[in-house]
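Asker: quick check, what structure comes out for this input:
(chains A and B)
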Amino acid sequence: MAVVTSLAHIRNFSIIAHIDHGKSTLADRILESTGTVATRDMKEQLLDKMDLERERGITIKSQAVRIAYKAHDGQTYQLNLIDTPGHVDFTYEVSRSLAACEGAVLLVDSTQGVEAQTVANAYLAIDNDLEIIPVLNKIDLPASNVPEAELELHELTGATHEEILIVSAKTGEGVDAILDAIVTRTPPPEGDTAAPARALIFDSEYDQYRGVIAYVRVIDGGFAKRQLVSLMRTDQDAEIEELGYFGPEMKPTDRLETGEVGYIITGVKDVAQVRVGDTITDKKRPAGEALPGYKVVQPMVFTGLFPTEGDKFEELRDALEKLKLNDAALSYEPESSVALGFGFRCGFLGLLHMDIVRERLEREYGLELITTMPNVEYHAYLTSGKMTVVRNPAQMPEVTVIDRIEEPYVAASVLVPTEFVGTIMELCQGRRADFVDMKYLSPERVEMHYKLPLGEIVLDFFDQLKTRTRGYASLDYEYSGYRQSDLVKLDILLAGEPVDALSLITPRERAHLRGKALVTKLRQKIPRQLFEVPVQAAIGNKVVARETVKAVRKDVTAKCYGGDISRKRKLLEKQKEGKKRMKQLGVVEVPQEAFLAVLELEPGDKDR
Amino acid sequence: MTGRPFDGPVRHLYVHVPFCRMRCDYCDFVSRALDVSGGRAGAEAARLLDAYVDGVAAEWERERAAHDVRRLRTLYLGGGTPSLLRPERLERLLELFRPYLTPHAEVTVETNPEDADDEYASWAAGALVSPATGAPRGVRVSLGAQSFSPALRSVLGRTAQADPAEAFRRLRAAGVGNAGLDLIHGIPGQDADLLAADIAAVLKLRPDHVSWYELDVVEGTALATRLAASRGAARLAGGVGRVTALDSTAALDPAAMPADPADDVRATGYRRIVGELSHAGYDWYEVSNFALPGRRARHNVAYWRARPYLGLGPGAVSTVGARRWTNAADPVVWAAALSAGEAPPRTPETLDPETRARERFLLAARCGERVPLAEVAAVVDQDVAGSLAAAGLVSLHSGTIRVTRKGRHVADEVCVRLFRSPHLRG
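Answerer: Alright, predicted model coming up:
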């Protein structure tokens, strides 16, 4: 088993692409054509392990798989493919994966051309000093426009006509040329086989029986089973219980050598001790210096997660703890709401990330959750000179003690066909965005730069962008610091009682309209109750909008005699079961969707 | 209330008569259409009815012994159309139970107007005698009027029906002392005026008891099919044609079928019925039932107080203690088993203590009866009870809970809110 592959015969690479450009399909084809996975075992999007990933057709977690490839020079190479997520929310995962590679296949859909994340990913690859192999995909489709897309790729990467490969991941055409390019164009790993062992943990997974499984790239030296190791940042010592590679399932080996990618299991159960970005070294002969690691990811969007049943709080805590093991970007802290009881304020990279976490909690842990309105982290500067961090509208201090409020801004770049420039300008204006500049990528495509509040993006900016440009626009953004804004807290009252979980922070000039739109939406979302329920929006003590949820006038079946009792009872029990997704707020029953009502406001409601 | 729901000796008997002249279009009860007009079909119907009466006799023998029934406080002949049995067979049935009836037992016979001729009326008036005085006491008659408007009756598919008001007067004239009316509201085409006319007709007859049900269009019934067809026809016609004049052919033509009244219209109608009948001295003692003082249907009150009861006949349901069972619905299968000396095929159900408590509460809720909280503590959420009490939907008083008249309009929702989740996943 232990055939040592020389450094010269190892290639570590990633596939990077904008979402939906065909990355997982290409990975599937590579696994198939190299015989890594027998054709009969193929299922679509093999590397997307989670059900959720397959269902949604997206990659969330990075995966690594070892491929044996017999190249045209007659020699067999060990290729390590590290798959990466495509959505902007998961950019940090991409950058982690890239740090473990020497080369990157930059995949572009030839029917779409270069998109915002193509640009972002290309820069990430360049920053990581990777060899970029530009590839145009989907050439089998009639809409494919290779010359146009090639021009854009050339402008982005400087690659020549000869260097840009054209493939159809779907049919497999051109895939062999990619493998050949990986061998000939990607440099082999540089590492010192004789130096003290060092491996970078670029991802991890938690297994309830085996503890933390660290995904590693060996930089120097090598590791063996039963070796005593230590984690340099956490100073945790451990013994390697098992190591190996992914093929694509876990395959134990005796050793992992310099340049190789694989996994190490130490039996450490505490995920906090095996941090992504940490360096594993030999205990007896430790390396002098840890590898650079990663910058800590900052969650950008915060929301409250509450179990619908109060007694599930502990279960939610356990589930979040476990998810956190695999998801460094997820943060959570206990929170209590008058309306919803005990839960957690969770931090996410973006709305998709939030959605995925919520869905995993419900699906994999059987929890039923209420999600409150997502918001960003505000900084409220008080007249006393102190600053309060506000991650939840309920934490906003009294107006009287606030000097000013700052909110996070992002620098956004939007790539769009020129015909939509006006549309984008209109959309951005409605979102308090400052135009920075724009540049033409080609006569047909333009890159527009804006600075805008992150709070505007977390609502439905991305959806609007896609809708209004018929899907042609693409978006990338990065955090660019805090700026002062004129913001107020809008409270929602149900039956006269403020519901903290429904409060939101909004620009003052739009507070009235938003309040009106929100109470209207809530009136529609909240079913008729046993009594009339006023729904009000208020700023401070001033009510700015009001609607009324009407009372149910009749809800009782006419007949219930000896022969009807069972059926009647079962009907009521079923209705009770159906109420699980309702939250009792005082005397009002509120469906879970109502807590996200603001996300569903008509675009016009928010823009005007 | 003594002991747990449905515990105690059986004192209430229901006999299901699963035959009708023809099936009404809204009906989802266990019933079979019979041609009793005479001739060959009539002879076959007679055989079926005789087999039925024999079956009831056999089942009564079995059940009486099995449950040691020594007395009956109430007997209810329901259907179906019990009056279709005519006095002769009704008498044969009654004969089975007379030895067990208590001196003041309530015996009810559901009656259709077309059966309520002079012969029937005089039988009903004299079927029982007062043990003290020997004077005729008669049975309690529940007359299925449905509506006094022939057009609305035809919407329900009751085209061949005799005038219910006349039938009622005939019963009264013969001396039936305890007579009630069964009515339906929320009939397609029944606007406020037509409902007002029905209410006025009821008050004029001044029955001892009124059961007034909201029409429940059950999927699979002829009425449901017809309503769906008319909605389709209205869409095809490019709009909803308002049907003003109802005539007896309206029911046959899908395009002329009036629309199902909106929920709000039904709710308004229901409140109006409750208001006017209460004003006229009727006690609204259950969701759909009204009675003059002392004239509540004691048999039904027994159900609503979760007393044990036996049901005889095809499709009949019995509940004794933790056991509930439903007889096979097919009269032939049912009768064949009994004539072979066996119990009819039955679907059993076991009621766990919490289920019984839930049923106890949901039945009491419909009547506004007080229930000691201790009896339903396992299934009723006391915090919710507090908030509903604040809204005036239930009343909490010295350890008891009662659904108020206000709450009775929404009793289902009140129960759903009050009930704790039945299956706490743990």
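Asker: what about residue A:417, how many neighbours?
Answerer: 15 (other C-beta atoms under 10 Å in any protein chain shown). Just so you know, the C-beta spots here come from the backbone N, C-alpha and C atoms, and that holds for glycine as well.
Asker: so it makes contact with residue A:472?
Answerer: Yes - between residue A:417 and residue A:472 there is a contact under C-beta atoms under 8 Å: 5.2 Å.
Asker: name the element the residue of the stretch 251-400 of chain B found nearest chain A belongs to?
Answerer: Closest contact between the stretch 251-400 of chain B and chain A, by C-beta to the nearest C-beta, is at residue B:267 (3.7 Å). In this structure, residue B:267 sits in helix B:263-279 according to DSSP states H and E.
Asker: buried set for that helix?
Answerer: B:265-270, B:273-274, B:276-277 (16 or more other C-beta atoms under 10 Å in any protein chain shown).
Asker: neighbouring contacts of the helix or strand that it is followed by?
Answerer: Toward the C-terminal end, the helix or strand that comes next after helix B:263-279 (DSSP H and E) is strand B:283-286. Applying C-beta atoms under 8 Å, 6 or more residues apart in numbering or on different chains, the external contacts of strand B:283-286 come out as B:274, B:277-278, B:290-293, B:296, B:300-301, B:304, B:366-368, B:405, B:408.
Asker: and the residues you listed, which of them are buried?
Answerer: Buried among these by 16+ other C-beta under 10 Å: B:274, B:277, B:290-292, B:296, B:300-301, B:304, B:366-368, B:408.
Asker: now render the residues you listed as TSV, adding distance to residue A:16.
Answerer: Formatted as TSV, the buried ones among the contacts of strand B:283-286 follow (distance: C-beta to C-beta, whole Å):
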residue	distance to residue A:16
B:274	71
B:277	76
B:290	76
B:291	80
B:292	84
B:296	79
B:300	74
B:301	76
B:304	71
B:366	66
B:367	70
B:368	70
B:408	66
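Asker: ok, which of those also contact chain A?
Answerer: Within the set of the buried ones among the contacts of strand B:283-286, contact with chain A (C-beta under 8 Å from any C-beta of the partner chain) is found for B:300, B:304, B:366, B:408.
Asker: and the pLDDT for the last one?
Answerer: Okay, so that is residue B:408. At residue B:408, the model reports a pLDDT of 96.
Asker: am I right that it is in contact with residue B:289?
Answerer: No - contact status for residue B:408 versus residue B:289: not in contact, 11.2 Å apart, counting by C-beta under 8 Å.
Asker: identify the contacts common to the two.
Answerer: Taking C-beta under 8 Å, 6+ apart as the contact criterion, no residue touches both residue B:408 and residue B:289.
Asker: where do the helices sit along chain A?
Answerer: Using DSSP state H, the helices of chain A run over A:23-33, A:51-56, A:91-98, A:116-127, A:146-157, A:175-185, A:313-326, A:351-364, A:421-429, A:454-456, A:462-468, A:511-525, A:565-578, A:603-607.
Asker: ok, which of these comes nearest chain B?
Answerer: Chain B lies closest, by C-beta to the nearest C-beta, to one member of those: helix A:565-578, at 4.6 Å.
Asker: that closest one near chain B anywhere?
Answerer: Yes - for a cut-off given as C-beta under 8 Å from any C-beta, helix A:565-578 has contacts with chain B, namely A:565-566, A:568-569, A:571-573, A:575-577.
Asker: please list the residues of chain A that sit near chain B.
Answerer: Of all the residues in chain A, those lying near chain B are A:309, A:366, A:530-531, A:552-563, A:565-566, A:568-569, A:571-573, A:575-577, A:579-580, A:584, A:586-587, A:589, going by C-beta under 8 Å from any C-beta.
Asker: show me which of the residues you listed are buried.
Answerer: Counted by 16+ other C-beta under 10 Å, these give A:530-531, A:552, A:554-558, A:560-563, A:565-566, A:568-569, A:572-573, A:575-576, A:579, A:584, A:586-587, A:589 as buried.
Asker: and the strands in the stretch 201-350 of chain A, which stretches?
Answerer: Listed in chain order, the strands of the stretch 201-350 of chain A (DSSP state E, counting those that start in this stretch) span A:211-220, A:223-224, A:228-231, A:236-239, A:242-246, A:250-253, A:255-256, A:261-265, A:279-282, A:301-307, A:331-337, A:341-348.
Asker: would you mind getting the angle between the first one and strand A:242-246?
Answerer: Counting by axes from the mean of the first three to the mean of the last three C-alpha atoms, to 10 degrees, strand A:211-220 points 80 degrees away from the direction of strand A:242-246.
Asker: which elements pack onto strand A:211-220?
Answerer: Taking 3 or more C-beta pairs under 8 Å, 6 or more residues apart in numbering or on different chains; DSSP states H and E as contact, the helices and strands that strand A:211-220 lies on are strand A:198-207, strand A:261-265.
Asker: mean neighbour count for those - can I get that in JSON lines?
Answerer: Output for the helices and strands packed on strand A:211-220, formatted as JSON lines (neighbours: other C-beta atoms under 10 Å in any protein chain shown):
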{"stretch": "strand A:198-207", "mean neighbour count": "23"}
{"stretch": "strand A:261-265", "mean neighbour count": "25"}
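Asker: compare those strands and give me the one nearest residue A:502.
Answerer: Among the helices and strands packed on strand A:211-220, strand A:198-207 comes nearest to residue A:502, with 34.6 Å by C-beta to C-beta.
Asker: that closest one packs against which elements?
Answerer: Using 3+ C-beta pairs under 8 Å, 6+ apart, strand A:198-207 sits against helix A:91-98, strand A:211-220, strand A:279-282, helix A:313-326.
Asker: to residue A:245, which of those lies closest?
Answerer: With C-beta to C-beta, the closest approach to residue A:245 among the helices and strands packed on strand A:198-207 belongs to strand A:211-220: 10.1 Å.
Asker: centre of the chain versus the longest strand along chain A, how much separation?
Answerer: Longest strand in chain A by number of residues (criterion: DSSP state E): strand A:402-417. Counting by C-alpha atoms, centre = their mean, to the nearest Å, strand A:402-417 is centred 19 Å from the centre of its parent chain.
Asker: now it and helix A:116-127, what's the angle there?
Answerer: 100 degrees.
Asker: may I see the buried residues of strand A:402-417?
Answerer: Across strand A:402-417, burial judged by 16+ other C-beta under 10 Å covers A:402, A:405-410, A:412-416.
Asker: and for stretch B:357-374?
Answerer: Within stretch B:357-374, judged by 16+ other C-beta under 10 Å, the buried ones are B:357-371, B:373.
Asker: now intersect these with the strands, please.
Answerer: residue B:371.
Asker: what's the weakest-modelled helix or strand in chain A?
Answerer: Within chain A, confidence by mean pLDDT, DSSP states H and E is lowest for helix A:603-607 among all helices and strands, at a mean of 43.
Asker: re earlier: the helices and strands packed on strand A:211-220: lowest mean pLDDT?
Answerer: Across these, strand A:198-207 has the smallest mean pLDDT, namely a mean of 85.
Asker: Provide a list of residue ranges in the chain with pLDDT below threshold.
Answerer: As the question left the chain open, I've gone with chain A. Across chain A, the ranges flagged by pLDDT under 70 are A:1-4, A:39-62, A:84-96, A:294-297, A:326, A:598-608.
Asker: oops, wrong one, chain B.
Answerer: B:1-2, B:29-30, B:36-38, B:160, B:233-257, B:422-426.
Asker: how's it carved up into domains?
Answerer: B:12-217+B:260-304, B:353-426 (automatic domain parsing).
Asker: how far away is residue B:372 from residue B:402?
Answerer: 11 Å (C-beta to C-beta, to the nearest Å).
Asker: show me which residues of the stretch 301-426 of chain B are close to chain A?
Answerer: Looking at chain A, the residues of the stretch 301-426 of chain B close enough under C-beta under 8 Å from any C-beta are B:303-304, B:309, B:311, B:315-319, B:324, B:326, B:349, B:355, B:358-359, B:362-363, B:366, B:384, B:387-388, B:390-391, B:393, B:407-417, B:419, B:421-423, B:425.
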